[in-house]
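In: Here's my sequence, what's the structure:
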Amino acid sequence: MNKKILFMLITITFVLFAPIFTQAQVIFEVKSGDSLDKISKQYKINRDEISKLNGLAKNAQLVLGQALVIPGSNYYVQPGESLWEIAYRHSITEEQLMLNNALKSKVIIPGQKLNIPHSKQKKIWTGTYFVPKDKNANAWILSNYSNTLSSIFVFEYKPDYEGNIIGLEENEAHKLAWKQKLPPYATLSNLSEKGFDPDLTHHLISNPWRRKNFINNIHSLLHSNDYKGVVIDFEQVRDKDRSNLNKFIKELAEKLHPSGMEILMAVPPKQGDKIPSHSTAYDYKTLGKYLDKIFLMTYDWHWPGGPSGPIAPIDKVKETVNYAVSVVPRSKIMLGIPQYAYDWTISGEKKAGKAYSTQHAIDLYIGHMSQIHYDLNAAAPWFRYVDKQGTLHEVWFEDPRSLLKKLRLIKEYNLAGMGCWHLGLTMPQTEELVLEEFKVK
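Out: Presented below is the predicted three-dimensional model:
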């Protein structure tokens, strides 16, 4: 994810929706004639609870194709639905659904009650990038979302060309995190006024003396601010620096590990050692030897600077995970989950994209009453709307259906856990799904 773009464009209203946690849920897809009142009566659940759980205003109208999380394990078949459709939506097989309900055939009828089987919870380690606010806001966020977190990655520190670490106004975020038993990590990026800066990275890690000085400064930062460790977020590193990057991580580990400090690293998605070629610098196998955890940035196959499309298509995510587990211990791998939306203009002369929170995407499609479409191949939702200037937009985002697919991959591949850009600060549905699927360490 291009975090510089997100800083400029994303607006997260984290105080609007405090999380609601239940023990199980089903996923309901809105069809013609559905309303919060109708769903509330059918499932015998207060409509305000449904609204809050799904990031909706109390009087919100629903739109076609919208996915809602409904507390409980029972699902009522809607007109036109098939057994396959219901099973797919809940990331289970038809056979599992039939067995759980003692069905002898795949024929189902509207109104029929089905009990949705839920897989066993898995213990995982989770981390989220955390942009400090004022002290009171920091305390509120960490207190309200601590149930879904193992740690936070304070974003962000940056180096200068001398290897000095540029300070961050974090307003006691690390102290507040420790109070919540959430070990804080300092995020160190290669962002400069140019954006992600491969020249800065090369300058710092290619020279042995500068590399050593840089590493010493990282150790001093962690020690003086009581950080558990560091998250290295060096993006767009050039192929020629592959060996230098390996040396940097190896030497950083030799410096930090004796002090009980840990190293995490965010890496771009790869499907082979040199696939794609522009990510050759990231040597998963070697880096995995020295890192405590490796954060797969399994997103941004489509981004604001390119054509519209799914941010994290499930087939590409799987290809990345398949390669990662072949060269890195599964106990070190964290799956990156996108928690934002991309909005592209697709009409007019100037075509451009922008980023914002998933919650904003929900507000937008409800405001425009835009039908939600779901790409089965990518396992991703999208919608279109026309703005006040008459420009047509296309928005891709994540919803309960697409998120559940990705969360189940963590179980399927027995990965260490997951990481997000602002986990807990977007749609409430995310926290609900995470807590049902996992026991967060």
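In: Poorly predicted segments of the protein, please.
Out: For the chain, applying pLDDT under 70 flags the ranges 1-23, 422-426.
In: And the residue located most distally from the centre of it, how far from residue 112?
Out: Farthest-out residue of the chain from its mean C-alpha position, per Cα atoms, centre = their mean: residue 104, at 38.7 Å. Applying Cβ to Cβ, to the nearest Å, the value for residue 104 to residue 112 is 13 Å. C-betas here are computed from N, CA, C, even on glycine.
In: what packs against the biggest helix by length in the chain?
Out: Identified as the longest helix of the chain according to DSSP state H is helix 208-224. Contacts defined by 3 or more Cβ pairs under 8 Å, 6 or more residues apart in numbering; DSSP states H and E place helix 208-224 against strand 151-159, strand 165-166, strand 184-189, helix 198-205, strand 229-233, helix 242-256.
In: can you pull out the strands in the stretch 301-441 of the chain?
Out: With DSSP state E, counting those that start in this stretch, the ranges of strands along the stretch 301-441 of the chain come out as 333-337, 340-345, 353-357, 373-375, 380-386, 392-396, 417-421, 438-440.
In: Report the central residue of the protein.
Out: Nearest to the mean C-alpha position of the chain, by Cα atoms, centre = their mean, lies residue 337 at 2.5 Å.
In: coming back round to it: reformat the helices and strands packed on helix 208-224 into CSV and put distance to residue 276 next to each item.
Out: As requested, the helices and strands packed on helix 208-224 are exported to CSV (distance: least, Cβ to Cβ, whole Å):
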stretch, distance to residue 276
strand 151-159, 25
strand 165-166, 31
strand 184-189, 21
helix 198-205, 16
strand 229-233, 19
helix 242-256, 14
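In: mind putting the ones you listed in JSON lines, mean neighbour count and distance to residue 377 included?
Out: Shown next, in JSON lines, are those (neighbours: other Cβ atoms under 10 Å; distance: least, Cβ to Cβ, whole Å):
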{"stretch": "strand 151-159", "mean neighbour count": "24", "distance to residue 377": "32"}
{"stretch": "strand 165-166", "mean neighbour count": "14", "distance to residue 377": "43"}
{"stretch": "strand 184-189", "mean neighbour count": "25", "distance to residue 377": "33"}
{"stretch": "helix 198-205", "mean neighbour count": "20", "distance to residue 377": "33"}
{"stretch": "strand 229-233", "mean neighbour count": "24", "distance to residue 377": "30"}
{"stretch": "helix 242-256", "mean neighbour count": "19", "distance to residue 377": "33"}
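In: To residue 216, which of the ones you listed lies closest?
Out: Proximity to residue 216 (Cβ to Cβ) singles out helix 242-256 among these, at 7.3 Å.
In: Domain-wise, how is this structure divided?
Out: 25-115, 128-339+417-440 (automatic domain parsing).
In: So for residue 374, which of these sits nearest?
Out: With respect to residue 374, and counting by Cβ to Cβ, the nearest of these is domain 25-115 at 6.6 Å.
In: ends of that closest one, how far apart?
Out: Across domain 25-115, the terminal residues are separated by 10 Å (Cα to Cα, to the nearest Å).
In: any idea how far residue 76 is from residue 44?
Out: 11 Å.
In: the more surrounded of those two?
Out: Taking neighbours as other Cβ atoms under 10 Å, residue 44 and residue 76 compare with residue 76 leading, 16 against 8.
In: tell me which residues form a beta bridge with the residue nearest to the centre of the chain?
Out: residue 420 (DSSP bridges).
In: hmm, back to that, just put the domains of the chain in TSV and tack on distance to residue 410.
Out: Compiled in TSV, the domains of the chain are given as follows (distance: least, Cβ to Cβ, whole Å):
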stretch	distance to residue 410
domain 25-115	12
domain 128-339+417-440	5
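In: ok, and which of those domains has the densest surroundings?
Out: Mean neighbour count (mean count of other Cβ atoms under 10 Å) peaks for domain 128-339+417-440 among the domains of the chain, with a mean of 19.
In: Run the chain-centre distance for stretch 430-439.
Out: Offset of stretch 430-439 from its chain centre (Cα atoms, centre = their mean, to the nearest Å): 13 Å.
In: can you pull the alpha-carbon coordinates of it into PDB?
Out: C-alpha atoms of stretch 430-439 as PDB (Å, rounded to 0.1, in the frame of the first residue of the first chain):
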ATOM      1  CA  THR A 430     -13.500  -6.500  10.700                       C
ATOM      2  CA  GLU A 431     -13.200  -6.800  14.500                       C
ATOM      3  CA  GLU A 432     -16.200  -9.100  14.600                       C
ATOM      4  CA  LEU A 433     -14.800 -11.500  12.000                       C
ATOM      5  CA  VAL A 434     -11.300 -11.500  13.600                       C
ATOM      6  CA  LEU A 435     -12.600 -12.400  17.000                       C
ATOM      7  CA  GLU A 436     -14.800 -15.200  15.800                       C
ATOM      8  CA  GLU A 437     -12.000 -16.800  13.700                       C
ATOM      9  CA  PHE A 438      -9.100 -16.300  16.000                       C
ATOM     10  CA  LYS A 439      -7.800 -16.200  19.600                       C
END
